[in-house]
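Student: Test case, fold it:
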Amino acid sequence: MTNEEKILSLLEKLDNRVDQLDARQARTETLLEKHSEMLEKHGEMLDRLDRRMDQLDERQTKTEIILENTLVPRLDALAEGQKALMEALAPKSRVEALEEEVDLLKTVVRSLSRDMAELKKAQ
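Tutor: Predicted coordinates:
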């Protein structure tokens, strides 16, 4: 094999190698384009998610304001009403003492009624 043939053989190998590299570069560019499209779609999705998060934050803020302006005053009023009821109600010990007094008075009234009935019969 002459030098010229060797050079031609090497050039042919280099040409094949360059063709392979070109094909590989084309595939890489295609993949990069697909990745770029995917990244763009992901960016759009993230933008939509950001908008939804902003909407949710706004709704949460509105809900908190509504709760603060309506529910808290109602709970405060309810607590005040309960406090007033607790103050108005007699304590359990007082109720028990009154029940004992009523029982005693009932016994005394029955006794006096019997005594009066006996006195009337005796007259």
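Student: Report the contact partners of Ser36.
Tutor: Going by C-beta atoms under 8 Å, 6 or more residues apart in numbering, Ser36 touches no other residue. C-betas here are computed from N, CA, C, even on glycine.
Student: how close does it get to Leu46?
Tutor: Ser36 sits 15 Å away from Leu46, going by C-beta to C-beta, to the nearest Å.
Student: again with Glu40
Tutor: From Glu40 across to Leu46, the span is 11 Å (C-beta to C-beta).
Student: Please apply the same query to Val72.
Tutor: From Val72 to Leu46 the distance is 37 Å (C-beta to C-beta).
Student: next one: Asp76
Tutor: From Asp76 to Leu46 the distance is 43 Å (C-beta to C-beta).
Student: Quick one: distance of the longest helix along the chain to the chain centre.
Tutor: The longest helix of the chain (DSSP state H) is helix 3-66. The chain centre lies 38 Å from the centre of helix 3-66; the measure is C-alpha atoms, centre = their mean, to the nearest Å.
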